[in-house]
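Participant: Build me a model from this:
(one chain, ligands or ions: 2)
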Amino acid sequence: MKKQWWHEKAAYQIYPKSFMDSNGDGIGDIGGIIQKLDYIQKLGIDILWISPMYQSPMVDNGYDISDYYAIDPIFGTMEDMDELIAEAKKRNICILMDLVVNHCSSEHPWFQEAMKHPDGRYGEYFYMKDGKDGNPPNNWRSYFGGSVWEKLPGYENKFYYHSFAKEQPDLNWENPEVREKIYQMICWWMEKGLGGFRIDAIMNIKKDLTWRDLPVDGADGMGAVHKTIERAEGIGEYLLEMKHRCFEPYDGFAIGEAMYLTEEEVKKYIGDDGYFSSIFAFEPCHAHRKGEMYGEYQWPMPFEEWRKETFGNQKILGENGFEANIVENHDQPRGASLFIPEEDYGFYSVTALAVLMICQRGLPFLYQGQEIGMVNRQWRLADFDDIETVNQYHFMIDSGCSKEDALAACSHHSRDNARTPMQWNDKKNAGFTNGTPWLLVNENYKELNVEKQEREYGSILNFYRRLIAFRKSEEYREILTYGTFQPLYEDTKSIFAYKRELEGQRLIVICNYSSQPAEIELMEDYENVVFVNYEQTTMIGRKLQMKPYEVIIYEK
Ligand code: GLC
Ligand code: CA
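Facilitator: Numbering: from 1, shown residues only. Ligands and ions are numbered 1, 2, ... in the order given. Next comes the predicted model:
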């Protein structure tokens, strides 16, 4: 594997609406991010991905862009953005923006023109199709529920295509002019000095152009649109074109939202000559998803499936590429809630999860608030903001779920859990804003906040700082970055363990991921303990007596 500048780094995602508000309007903004750059630097972060801040009607919180060349006023100005890039650079942090080019907003001028003249030049920027006697052309269900087809206003039988919300019409990547416009835009941003982009929903850009029906998988008589991804061929051509035009010339870092790839595909996506620098390791985080509905997701994460998916992923990757490891992002519930049974939540379980994630092979990619152990909150239906959650609720009700069950499933799985304001201190609104926050703050902020954890040596925050410093230390950087990954105790209940190895150096990570003590027989004598979450480890002969959620790293 060719060495790259970003291999030894640590990354962090900001959801800007919820990070820090600098002007009291209740919405996080660029000024707020600038204020917190020192905090991010102190955590040991080198790469900062910020979810979209372009001009947007905010139907999907910025993932619906109406002008790719403008910053939305709720976040600030283009000058603020330039300042952010410069201030971050001073701290050796590079910024990744979010590239949302599978679709734009229905308010983008391209789509406005297309609606006026569907048969004209801008009609070709999108997918327009005739329906079947006024009904949609096929039975595909969009990611956010309902048909992927929406009738063009003023037409009886003409539809446009949207894989997400109807306000997010899909761009037609088959049209070279569209691709050209996109590449120009990316280069324009790269010229500003970005480190690169996180690339949204990118597997969807190539369509199954036969548009044939899907097998029905829900009470609505439709089939989930993600199932068409494997039918569509030839995406690589566009992704390589984009890489050569937009990222290679700048040595930019491009991380794609791509998942469920086979070993062969992994090479094509993130091998030395792959389409992207990296992709996220979603499979372990999605191991509890057993169907299309929130109601079919398990809660909490089933341990064995999670471990199996993690090992499976690491195996496929091997030397083939470098994924980014996550336990949460803005599209998931809080990792500390999903991966830890509620009654087990605490310092030891949260830090065990942190070690397991950060010491795997791959780029550690944190999400805002993870470093203090932020968790899900309680919800009433009226308090949800997220378009996906609201749609899932109705999807469940229409499928025969009770209101109570639908609300319970939404409370667990809603993306809003990750989007509640960052908890900075125990003052009003957790120190996030002087105004009224756009989304409810988690009630636990008095107990759980950055300021409090700054003061306590034994806090989750300070643990994360030490852990990231360990990962990036002179002594362990190479092995933790480039060392092989070998699962251990694969069939032992509740034990999550693996070995990293590089040129004779070995690290053994062993975790008792359970609220019960466990005894495990070590395979060799490991004397040298290099990282722990309990002060004392107990060994009797070769038998390790592990406390609940204890994690130990040995060096051999
Ligand atoms: C991606 C984003 C998600 C968004 C969707 C549509 O999955 O991460 O937040 O809703 O794409 O852009
Ligand atoms: Ca603001």
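Participant: what about the closest residue to ligand 2 within the stretch 201-350 of the chain, distance to ligand 1?
Facilitator: The stretch 201-350 of the chain approaches ligand 2 most closely through H330 (17.8 Å), counting by CB to the ion. Where C-beta positions appear, they are placed from N, C-alpha and C, glycine not excepted. Note on H330: its distance to ligand 1, by CB to the nearest ligand atom, to the nearest Å, is 6 Å.
Participant: got a pLDDT number for the residue of the stretch 401-550 of the chain found nearest ligand 2?
Facilitator: Per CB to the ion, T433 is where the stretch 401-550 of the chain lies closest to ligand 2, at 7.1 Å. T433 carries a pLDDT score of 98 in this model.
Participant: Tell me how many other residues crowd it.
Facilitator: 25 (other CB atoms under 10 Å).
Participant: For the nearest residue to it once chain neighbours are set aside, give me its contacts.
Facilitator: Excluding the flanking residues, the one nearest T433 by CB to CB, 6 or more residues apart in numbering is D21, at 3.7 Å. Under the criterion of CB atoms under 8 Å, 6 or more residues apart in numbering, the neighbours of D21 are I27, G28, D29, G32, F432, T433, N434, G435, P437.
Participant: Take those and keep only those in helices.
Facilitator: Mapping those onto helices (DSSP state H) picks out G32.
Participant: Of the contacts of D21, grab the buried ones for ChimeraX.
Facilitator: Buried residues within the contacts of D21, by 16 or more other CB atoms under 10 Å, are selected in ChimeraX with:
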select :27,28,29,32,432,433,437
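Participant: As CSV, the contacts of D21 with distance to E319 would be great.
Facilitator: Listed next are the contacts of D21 as CSV, based on distance: CB to CB, whole Å:
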residue, distance to E319
I27, 44
G28, 40
D29, 42
G32, 41
F432, 43
T433, 47
N434, 51
G435, 51
P437, 46
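Participant: which residues are in contact with the lowest-mean-pLDDT helix or strand in the chain?
Facilitator: Ranking every helix and strand in the chain by mean pLDDT, DSSP states H and E puts strand 538-540 at the bottom, with a mean of 89. Around strand 538-540, the neighbours that count as contacts under CB under 8 Å, 6+ apart are L522, L544, Q545, K547.
Participant: Tell me which helix or strand comes right after it.
Facilitator: The helix or strand immediately downstream of strand 538-540 is strand 543-546, counting by DSSP states H and E.
Participant: re the thing from before, so which of the contacts of strand 538-540 is the most crowded?
Facilitator: Neighbour counts for those (other CB under 10 Å) peak at L544, which has 20 neighbours.
Participant: That residue reaches E519, doesn't it?
Facilitator: Yes - judged on CB atoms under 8 Å, L544 makes contact with E519 at a distance of 7.0 Å.
Participant: Regarding D491, what is its secondary structure?
Facilitator: coil (DSSP: H, G, I helix; E, B strand; the rest coil).
Participant: Let me see the confidence value for it.
Facilitator: The model reports D491 with a pLDDT of 94.
Participant: Could you tell me how far it is located from K308?
Facilitator: Between D491 and K308 the computed distance is 10 Å (CB to CB, to the nearest Å).
Participant: Settle it for me: which of these two has more neighbours?
Facilitator: For D491 and K308, the more surrounded residue by other CB under 10 Å is K308, and the numbers stand at 16 against 7.
Participant: Once you drop chain neighbours, what's closest to L171?
Facilitator: Computed as CB to CB, 6+ apart, the closest residue to L171 that is not its neighbour in sequence is V178, at 5.5 Å.
Participant: Look at the one you found and say how many residues are nearby.
Facilitator: Neighbours of V178 (other CB under 10 Å): 19.
Participant: Verify the stated contact: it with Y127.
Facilitator: No - with contact defined as CB under 8 Å, V178 and Y127 do not form a contacting pair (11.1 Å).
Participant: what residues do the two have in common as contacts?
Facilitator: Residues within reach of V178 and of Y127 at once, by CB under 8 Å, 6+ apart, are N172.
Participant: so who does G31 touch?
Facilitator: Residues near G31 by CB under 8 Å, 6+ apart: S22, N23, G76, D80.
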